[in-house]
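A.B. asks: coords please:
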Amino acid sequence: MYSSDSDFLDSDIDIVAPRNSKTTPAPPLVYSFDDLQSFKESLKQAIFCATDFETVDNHIGTELEKMSEIGLAIYDPRGHPSPSGTTTNTSTSNTILEELAKSTTAIHLLVEEWKHETETTCKAFWHRNRKTKAGTPHTARPYHCQFTRSTILGREQSLKKLKAVLQSLTSQNLTAQERANGDQRQVRILFWDSGLEDRIFRQAGIHLHGLGSDIQAWDLQAWSPFRIRLNNGKNNGKAKGEDAFASLGVLGATDYEGKPTTILHNATNDTVAQLLAFLRFKVLTSGEWVAWFDDRINLALISFDWVDQGIYDYNFSLSPNAGRQKIWQWGKGRHAKHEKRCQQGNFHNANHSNTRGPRGGGNCAVTTTSTSTCNHQNAPETANEVASLSQTVNKMNFQPSTVQKSSGPTGIQTSAEKEDQKVTKHGGLSRKQRQRMNKAAKREEGLRKIPGLA
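C.D. replies: Below you'll find the model as predicted:
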């Protein structure tokens with residue numbers, strides 16, 4: 001997170017240490033529960049807006065040009081009545097945090113220029129299965145937003161919407177006295193690992209000082225509680241969001257595969273997790289602080305039973321892959337690639353037909369049919385279908401060929417024959433030599449089956 005020659009934790013609170021391409025500072029330092037209480041008091045009336053961007057992989061350009069999603073999650077303590085009840089040393093903060101979660105506002109914008117790029121359509125080369133590596137999967141999940149219906153806008157319209165929302169927060173729910181005085185609301189924008197957000201804000205020309213008098217951005221990844229709790233001080237504060245959010249229980253319950261309720265790497269889902277992680281500190285009890293910060297115990301998981309499943313279903317229906325079976329599964333190698341081609345329609349029922357003569361030449365009028373099948377839904381399922389394929393092969397009619405057998409070596413070696421006599425440095429045949437020998441063997445086997453050449 002930080003450059004190797006600076007450390008925010010060792011610097012004065014008013015000094016922002018230089019970081020690699022990151023300009024957003026961390027929130028004020030918090031080392032104890034008393035520090036946390038003072039920190040909360042100073043932000044009692046503040047609006048918090050978590051912001052996140054996602055970008056496409058298969059494009060060379062600036063981060064702004066590659067921006068594919070904008071996610072926002074907003075909490076305004078004045079917009080909704082405060083949850084009833086107060087935290088005590090013995091009570092849990094889960095119930096209160098779930099009430100705060102229900103009062104948040106989420107926004108998800110899909111950039112129209114990249115709406116076709118998904119986790120299954122991205123063609124970046126590093127997603128492909130390599131000889132020795134399985135490849136790096138595409139992480140962004142643009143059509144998996146769970147908390148609000150997605151809106152598709154062009155890049156310029158999306159940026160205008162983002163700027164308008166941020167600016168409107170500074171004048172939202174003002175009191176009569178604040179209006180009379182010309183005051184503005186206190187707004188804090190929350191990032192996680194702010195490098196991408198810093199660059200997009202800069203490239204888009206969005207300057208926070210021009211949006212309001214008391215609007216600031218904070219990088220939660222660099223905040224002292226996370227750096228200390230997750231033992232990432234030695235790694236320049238590069239705590240993983242998944243680990244931080246899970247430790248605070250804000251990703252929800254896990255399924256039988258160990259996956260949390262919240263689907264991360266969707267811009268808005270990420271911002272909801274960021275915001276709830278920050279709001280958890282707003283409702284923490286002293287006992288929960290000691291358990292989480294000192295004893296390294298993860299907090300209880302909150303419930304997302306209140307989230308409408310129809311929102312996710314609607315957003316997923318917008319995907320270009322909606323209604324289609326997934327055609328790529330990681331770790332299945334060649335069979336998965338073959339299955340993908342079959343389902344895309346390049347092959348019909350996995351029966352690969354072609355009309356070509358034997359490689360040995362001649363005037364053999366034959367339609368060869370190879371019945372290579374995958375073990376998936378397009379393969380023949382009944383004995384009748386298999387029998388039908390066998391009859392097709394048996395009915396092939398061969399005509400006499402004018403191909404003549406070779407009378408023997410001529411004494412003159414071709415370059416290919418000379419190549420065949422070479423061996424690799426390990427003493428074996430090369431791959432090309434083996435392929436050439438296999439082709440020759442298959443050709444000879446085919447010629448023996450033709451009447452008149454046996």
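A.B. asks: burial measure for the residue nearest to residue 291 when sequence neighbours are not counted, as a count.
C.D. replies: For residue 291, ignoring the flanking residues on the chain, the nearest one in space by C-beta to C-beta, 6 or more residues apart in numbering is residue 297 at 4.3 Å. (Each C-beta comes from the backbone N, C-alpha and C, glycine too.) Neighbours of residue 297 under the rule other C-beta atoms under 10 Å: 12.
A.B. asks: go on, the one 3 residues further on?
C.D. replies: Other residues near residue 300 number 14, with proximity taken as other C-beta under 10 Å.
A.B. asks: and if you look at residue 239?
C.D. replies: Neighbours around residue 239, by other C-beta under 10 Å: 23.
A.B. asks: strands along this structure, start to end?
C.D. replies: For the chain, the strands defined by DSSP state E occupy 47-55, 67-75, 105-111, 151-153, 187-191, 215-219, 352-353, 369-370.
A.B. asks: I figured residue 106 hits residue 274, correct?
C.D. replies: No: the pair residue 106 / residue 274 is not scored as a contact, 11.6 Å apart, by C-beta atoms under 8 Å.
A.B. asks: give me every residue that touches the residue lying closest to residue 114 once chain neighbours are set aside.
C.D. replies: Sequence neighbours aside, residue 68 is the residue nearest to residue 114 in space, at 3.9 Å (criterion: C-beta to C-beta, 6+ apart). Listed by C-beta atoms under 8 Å, 6 or more residues apart in numbering, the contact set of residue 68 reads 54-56, 110-111, 114-115, 117, 140, 142.
A.B. asks: need those residues in TSV with pLDDT and neighbour count, can you?
C.D. replies: Shown next, in TSV, are the contacts of residue 68 (pLDDT from 0 to 100; neighbours: other C-beta atoms under 10 Å):
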residue	pLDDT	neighbour count
54	96	24
55	94	21
56	91	22
110	97	22
111	97	25
114	94	22
115	93	18
117	88	24
140	86	20
142	95	26
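A.B. asks: low pLDDT regions in the protein?
C.D. replies: Of all residues in the chain, those with pLDDT under 70 make up the ranges 1-21, 80-91, 124-138, 232-237, 256, 322-428, 446-454.
A.B. asks: so it: which segments form each domain?
C.D. replies: 8-317, 349-399+429-454 (automatic domain parsing).
A.B. asks: out of the ones you listed, deepest packed?
C.D. replies: The highest average neighbour count among those, using mean count of other C-beta atoms under 10 Å, belongs to domain 8-317 at a mean of 17.
A.B. asks: thinking again about what came up before, closest one to residue 149 out of the contacts of residue 68, please.
C.D. replies: The nearest member of the contacts of residue 68 to residue 149, counting by C-beta to C-beta, is residue 110 at 10.7 Å.
A.B. asks: nearest spatial neighbour of residue 98, skipping sequence neighbours?
C.D. replies: In space, residue 98 is closest to residue 302, 5.3 Å off (C-beta to C-beta, 6+ apart).
A.B. asks: residues contacting that neighbour?
C.D. replies: 94, 97-98, 101, 249-250, 252, 276.
A.B. asks: all helices for the stretch 151-300 of the chain, in order.
C.D. replies: Secondary structure of the stretch 151-300 of the chain (DSSP state H, counting those that start in this stretch): helices located at 155-169, 176-181, 195-204, 224-229, 241-247, 267-283, 286-289.
A.B. asks: for the third one, packing partners?
C.D. replies: Identification of packing neighbours for helix 195-204 by 3 or more C-beta pairs under 8 Å, 6 or more residues apart in numbering; DSSP states H and E yields strand 47-55, helix 63-66.
A.B. asks: again with the longest one
C.D. replies: Under the contact criterion of 3+ C-beta pairs under 8 Å, 6+ apart, helix 267-283 touches helix 33-42, strand 47-55, strand 67-75, helix 94-102, strand 105-111, strand 187-191, helix 241-247.
A.B. asks: please redo it, this time with the cut-off set to 7 Å
C.D. replies: strand 47-55, strand 67-75, helix 94-102, strand 105-111, strand 187-191, helix 241-247 (3 or more C-beta pairs under 7 Å, 6 or more residues apart in numbering; DSSP states H and E).
A.B. asks: what angle do the first one and strand 67-75 make?
C.D. replies: Read that as strand 47-55. 160 degrees (axes from the mean of the first three to the mean of the last three C-alpha atoms, to 10 degrees).
A.B. asks: alpha carbons only: can I get strand 47-55 in PDB?
C.D. replies: Provided in PDB are the C-alpha atoms of strand 47-55 (Å, rounded to 0.1, in the frame of the first residue of the first chain):
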ATOM      1  CA  ILE A  47     -22.400  11.200   5.600                       C
ATOM      2  CA  PHE A  48     -20.400   8.200   4.500                       C
ATOM      3  CA  CYS A  49     -20.200   7.200   0.900                       C
ATOM      4  CA  ALA A  50     -18.200   4.100  -0.100                       C
ATOM      5  CA  THR A  51     -17.100   4.200  -3.700                       C
ATOM      6  CA  ASP A  52     -15.600   1.500  -6.000                       C
ATOM      7  CA  PHE A  53     -14.700   1.100  -9.600                       C
ATOM      8  CA  GLU A  54     -14.200  -2.000 -11.700                       C
ATOM      9  CA  THR A  55     -12.300  -2.200 -15.000                       C
END
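A.B. asks: that strand vs helix 267-283, what angle?
C.D. replies: Using the same axes, to 10 degrees: strand 47-55 against helix 267-283 is 150 degrees.
A.B. asks: if we can go back for a sec, now render the helices of the stretch 151-300 of the chain as JSON lines, adding distance to residue 25.
C.D. replies: Supplementary listing: the helices of the stretch 151-300 of the chain in JSON lines, determined by distance: least, C-beta to C-beta, whole Å:
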{"stretch": "helix 155-169", "distance to residue 25": "18"}
{"stretch": "helix 176-181", "distance to residue 25": "26"}
{"stretch": "helix 195-204", "distance to residue 25": "11"}
{"stretch": "helix 224-229", "distance to residue 25": "12"}
{"stretch": "helix 241-247", "distance to residue 25": "18"}
{"stretch": "helix 267-283", "distance to residue 25": "15"}
{"stretch": "helix 286-289", "distance to residue 25": "23"}
